[in-house]
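**Q** Could you work out the structure for the sequence below:
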Amino acid sequence: MIEFTLVCIPLIFILISIVELARGMWIYNTVAFSVRKATRYAAVHGSSCAAASSACPITVDAVAQVIRGSATGIPPDQLSVVLQTTGTSLNCSPLNQCIGNASTWPPASDNSVGTAITISCSYPFRSALAMFWPGAGKVNFSTLNLGAKSQEEIVF
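**A** I've put the predicted structure just below:
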């Protein structure tokens, strides 16, 4: 019984650590995927795209919807997103601030073929491991900002 107790406590801590690490990697991968997808979406909807479709150029809301739609399981009120071009920067912290924004992005001054656009995102990952540490007292969940950044040039 004593041996089982001495082995079981560290084993449970290791098991919970593995689950938390897997959850953190899943969140990072999801944030990186959504940022990469939104950057690609914006790169193919430049100023020359307007001649081919009435959906061009895109709005800040359209980019925010792509991020929100591809970040499955991550609450948009906790995502911090920055949309950047060569001359402008738009901070959406949280992402909900950009949903419904009908302004064109990238702006006309930075919406030509070959212009670099950058989208970066940050999510505060809170690990539940702190509550399992013996003698921790009041539980304070530690926060680690998981960020992703993607840059592409406007294609057309």
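**Q** Could you use CA atoms for every contact and neighbour count after this?
**A** Fine.
**Q** Quick check: pLDDT value at the closest residue to Gly46 other than its chain neighbours.
**A** Nearest non-adjacent residue to Gly46, counting by C-alpha to C-alpha, 6 or more residues apart in numbering: Phe156, 5.3 Å away. On pLDDT, Phe156 comes in at 74.
**Q** Was I right to think Phe156 contacts Asn111?
**A** No: the criterion here is C-alpha atoms under 8 Å, and Phe156 misses it with Asn111 at 9.3 Å.
**Q** out of those two, which sits in the busier spot?
**A** Asn111 (25 against 15; other C-alpha atoms under 10 Å).
**Q** Can you give the distance from the longest helix seen in the chain to the centre of its chain?
**A** In the chain, taking DSSP state H as the definition, the longest helix is helix 2-43. Centroid separation between helix 2-43 and its chain, computed with C-alpha atoms, centre = their mean, to the nearest Å, is 15 Å.
**Q** any idea how far Ala22 is from the residue nearest to the spatial centre of the chain?
**A** Nearest residue to the geometric centre of the chain (C-alpha atoms, centre = their mean): Val31, 3.5 Å. Distance from Val31 to Ala22, counting by C-alpha to C-alpha, to the nearest Å: 14 Å.
**Q** and if you look at Val66?
**A** According to C-alpha to C-alpha, Val66 stands 25 Å off from Ala22.
**Q** which one of those two has more residues nearby?
**A** For Val66 versus Ala22, neighbours defined as other C-alpha under 10 Å are more numerous around Val66 (17 against 12).
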